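# Structure of the sequence below:
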Amino acid sequence: MLEEDKVGSGTKILGFIGVLGVMASSLAFVVFSGKEVPTIGLVEPLFAAAPERVELRRLGQDETLGDMLLDVLNNNDQYSFVLAFMEKADPRRLRTGTEVAFRWFAASPSDLRAVDIALDADRTVRLMPSPGGWDSQVFTTPVVTDTVWASGEIESDLWTAVYTNDDLERVSSGDRAKLFLHLEDIFKWQVDLFRGIRTGDFYRFSVEREVRPDGTMRVGNVLSAELVNRGSAYKAVWFDPNGDGAGTYYDEDGNSVRRAFLQSPIALSAYVSSGFSLSRFHPILKTWRAHRGADFPAATGTPVQATGNGTVIERATQSTYGNTIVVRHTNGWLTRYAHLNGFASGTSVGSRVDQGEVIGYVGMTGLATGPHVHYEMRINGTLEDPQDVALPPGDPVPIDQWELWKSQSQTRMALLDRLPLPWDIRLAVNLRSESDAPTAGAR
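Residues are numbered from 1 along each chain as shown. Got it, this is the predicted structure:
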């Protein structure tokens with residue numbers, strides 16, 4: 001794209017020079033105020049021919065890069081071409097639909113000037129013939145980052161409110177869906193976004209947006225956000241001190257808005273078919289026995305995620321639990337995931353897992369009447385009710401990063417003020433804050 005733009009500009013410049021040449025030979029003179037004044041005659045502009053012809057192809061289903069080159073290069077050139085490409089990228093990772101632009105010299109239609117292979121929206125590998133075979137280099141699309149703001153009152157649910165928000169008119173439908181998932185991931189520890197939202201609740205957020213020269217856009221991180229639910233205001237700010245994308249969200253006081261554990265081992269689902277009980281009638285054994293966990297039903301094959309960071313200490317098949325994984329976390333916590341249909345690849349005893357990482361898939365192995373994951377939480381050897389236990393908070397902002405956090409958080413929270421809360425929402429928040437404040441003299 002950059003080269004095409006340059007070529008286009010060069011073409012126009014050549015045409016302009018040609019016009020000047022013709023103009024200079026077409027001078028005439030008129031008398032103005034007793035003096036002869038030269039005039040320039042107008043002629044049609046001249047344009048130079050384009051130096052190349054571009055042929056755009058897309059990688060077909062089950063087609064390899066080598067297959068695409070069969071009718072373009074001989075065997076030796078194909079080998080050299082692929083080797084040059086492998087210096088920048090893995091040809092086996094090219095997906096169906098990858099764009100490949102063949103650039104031919106206009107003056108010599110059978111000779112390739114260059115080949116551009118799009119790796120993604122931001123990177124293109126350009127290959128050019130050389131005396132030694134082929135040379136390759138990577139071009140990165142220049143991206144301009146700006147900020148988008150959105151706010152609105154919730155009439156039914158947060159998904160609909162975000163997806164139909166007029167402030168996001170120029171944001172693609174796919175990115176609007178991503179924005180909802182971002183907000184769900186930020187606030188899911190404070191508010192049940194599926195059952196806890198009420199009509200009249202309010203939200204506002206600022207989000208990074210990447211804009212490319214071709215006009216395409218893509219949303220990035222939500223920088224700051226606020227959700228007012230039943231008069232209670234929940235705020236969150238993105239903080240990534242290393243700039244590596246591994247940041248997280250904190251409230252105004254620098255406390256993590258996340259918890260050390262997710263509420264459910266199945267993403268976007270908190271439905272429990274059978275909860276924690278000291279005496280439950282077992283549907284298969286036909287006896288009354290304790291059920292010290294929670295059952296989350298889902299279709300067979302649904303991904304099961306680790307609810308917290310930890311290390312796998314058990315990955316086995318048991319008689320009653322079926323395929324089971326046990327993860328050890330910090331501070332004496334253990335979690336168990338049972339009745340799995342199978343284990344995720346790379347998950348083995350001793351492997352490290354992150355919160356939200358897929359470790360297995362829903363099934364009904366062992367003693368089960370339907371597909372679900374049996375989930376347990378244990379603290380210092382004692383089994384706890386996963387639906388009732390007080391989940392420990394995530395780590396706060398590190399002390400040695402506090403000054404940077406303070407500076408960034410103030411700037412990002414100020415972004416929300418571009419979309420102030422309506423007066424009735426502010427009133428509800430103030431009333432709730434006053435009612436939650438400790439009474440004078442209270443201990």
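
# quick one: the helices in the chain?
2-24, 65-69, 75-86, 158-163, 173-187, 402-415, 423-436 (DSSP state H).

# Tell me which of those helices approaches S206 most closely.
Distance to S206, taken as CB to CB, is lowest for helix 402-415 among these, at 3.9 Å. No exception for glycine: its C-beta is placed from N, CA and C like everyone else's.

# what stretches of this protein score poorly on pLDDT?
Along the chain, the model assigns pLDDT under 70 to residues 1-50, 269-270, 276-286, 288-290, 437-443.

# Got the domain ranges for it?
Domains of the chain are assigned by automatic domain parsing as 1-50, 51-141, 144-258+395-434, 277-384.

# Identify whichever of the ones you listed lies nearest to L268.
Using CB to CB, the domains of the chain put domain 144-258+395-434 closest to L268, at 7.4 Å.

# gap between the two ends of that closest one?
43 Å (CA to CA, to the nearest Å).

# Stretch 153-168 now?
14 Å.

# before we move on, what about stretch 194-203?
End-to-end distance for stretch 194-203: 15 Å, by CA to CA.

# Now tell me what touches that stretch from outside.
Contact with stretch 194-203 is made by 151-158, 161-162, 183, 191, 225-230, 270, 421-422, 425, as judged by CB atoms under 8 Å, 6 or more residues apart in numbering.

# Could you check that stretch and say which residues are buried?
Buried residues in stretch 194-203, counted by 16 or more other CB atoms under 10 Å: I197, D201, F202, Y203.

# Show me the one of the domains of the chain that comes nearest P265.
domain 277-384 (5.0 Å).

# now the closest one: how far from the chain's centre is it?
Computed by CA atoms, centre = their mean, to the nearest Å, the chain-centroid distance of domain 277-384 equals 28 Å.

# go on, stretch 219-232?
So, by CA atoms, centre = their mean, the centroid of stretch 219-232 is 17 Å from its chain's centroid.

# Could I get the buried residue list for that stretch?
Across stretch 219-232, burial judged by 16+ other CB under 10 Å covers V219, G220, V222, L223, S224, A225, E226, L227, V228, N229, G231.

# got a list of what the second one touches?
Translated: G220. Neighbouring residues of G220 by CB under 8 Å, 6+ apart: T145, V207, E208, R209, E210.

# still on that earlier bit, now distance to E99 too, for the buried residues of stretch 219-232, in a markdown table please.
A markdown table is the format used below for the buried residues of stretch 219-232 (distance: CB to CB, whole Å):
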| residue | distance to E99 |
| --- | --- |
| V219 | 23 |
| G220 | 23 |
| V222 | 30 |
| L223 | 32 |
| S224 | 36 |
| A225 | 35 |
| E226 | 41 |
| L227 | 40 |
| V228 | 45 |
| N229 | 45 |
| G231 | 51 |
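
# Closest one of the residues you listed to G275?
N229 (24.4 Å).

# Can you name the residues that contact that closest one?
Counting by CB under 8 Å, 6+ apart, N229 makes contact with Q190, V191, G196, I197, R198, D201.

# can you rerun that using 6 Å?
V191, D201 (CB atoms under 6 Å, 6 or more residues apart in numbering).

# Now for the spatially closest residue to L179 that is not a sequence neighbour, how many residues are close by?
Of all residues beyond its chain neighbours, the one nearest L179 is V162 (5.7 Å), with distances taken as CB to CB, 6 or more residues apart in numbering. V162 has 24 neighbouring residues, counting by other CB atoms under 10 Å.

# what's the answer for Y79, then?
Y79, neighbours per other CB under 10 Å, totals 15.

# how about the strands of the stretch 251-400 of the chain, start to end?
277-281, 288-291, 294-297, 303-305, 310-318, 322-328, 333-343, 352-353, 358-362, 372-379, 382-384 (DSSP state E, counting those that start in this stretch).

# in the fourth one, what's buried?
Judged by neighbour count (16+ other CB under 10 Å), strand 303-305 contains these buried residues: P303, V304, Q305.

# Surely the second one is in contact with P265?
Yes - counting by CB atoms under 6 Å, V304 sits close enough to P265 to count as a contact (5.2 Å).

# nearest to T324, of the buried residues of strand 303-305?
Once CB to CB is applied, the member of those that ends up nearest T324 is V304, at 11.1 Å.

# before we move on, back to that, just flag the most distant two among the buried residues of stretch 219-232.
Largest separation among the buried residues of stretch 219-232 by CB to CB: G220 and G231, giving 31.0 Å.

# Who are the contact partners of Q61?
T96.

# R212 too?
T141, V143.

# Could you measure from it over to Q305?
Here the criterion is CB to CB, to the nearest Å. By it, R212 lies 33 Å from Q305.

# Equivalent analysis for F180, please.
From F180 to Q305 the distance is 19 Å (CB to CB).

# Could you do A344 as well?
9 Å.

# Pull the most distant pair out of the buried residues of stretch 194-203.
Among the buried residues of stretch 194-203, the pair separated by the greatest distance (CB to CB) is I197 and F202, at 10.7 Å.

# Y249 is in contact with A236, isn't it?
Yes - applying CB under 6 Å as the test, Y249 and A236 come out as touching, 4.2 Å apart.

# Looking at those two, which has the bigger crowd around it?
Neighbours around Y249 and A236, counted as other CB under 10 Å, are more numerous at A236. The numbers are 26 against 22.

# Spit out the contact partners of that one.
I186, A225, Y249, V257.

# Could you rerun that using 8 Å?
Contacts of A236 by CB under 8 Å, 6+ apart are I186, F187, V222, S224, A225, E226, Y249, Y250, D251, V257.

# likewise F85?
L65, P91, I117, V125, L127, S136.

# now do G308
A260, F261, L262, V327, H329, W333, T335, Q355.

# ok, 10 Å please
259-262, 327, 329-330, 333, 335, 353-356, 377, 391-392, 394 (CB atoms under 10 Å, 6 or more residues apart in numbering).

# what about the nearest residue to it once chain neighbours are set aside, how many residues close to it?
Leaving out its chain neighbours, the residue that sits closest to G308 by CB to CB, 6+ apart is F261, at 4.3 Å. Residues within reach of F261, counting by other CB under 10 Å, total 23.
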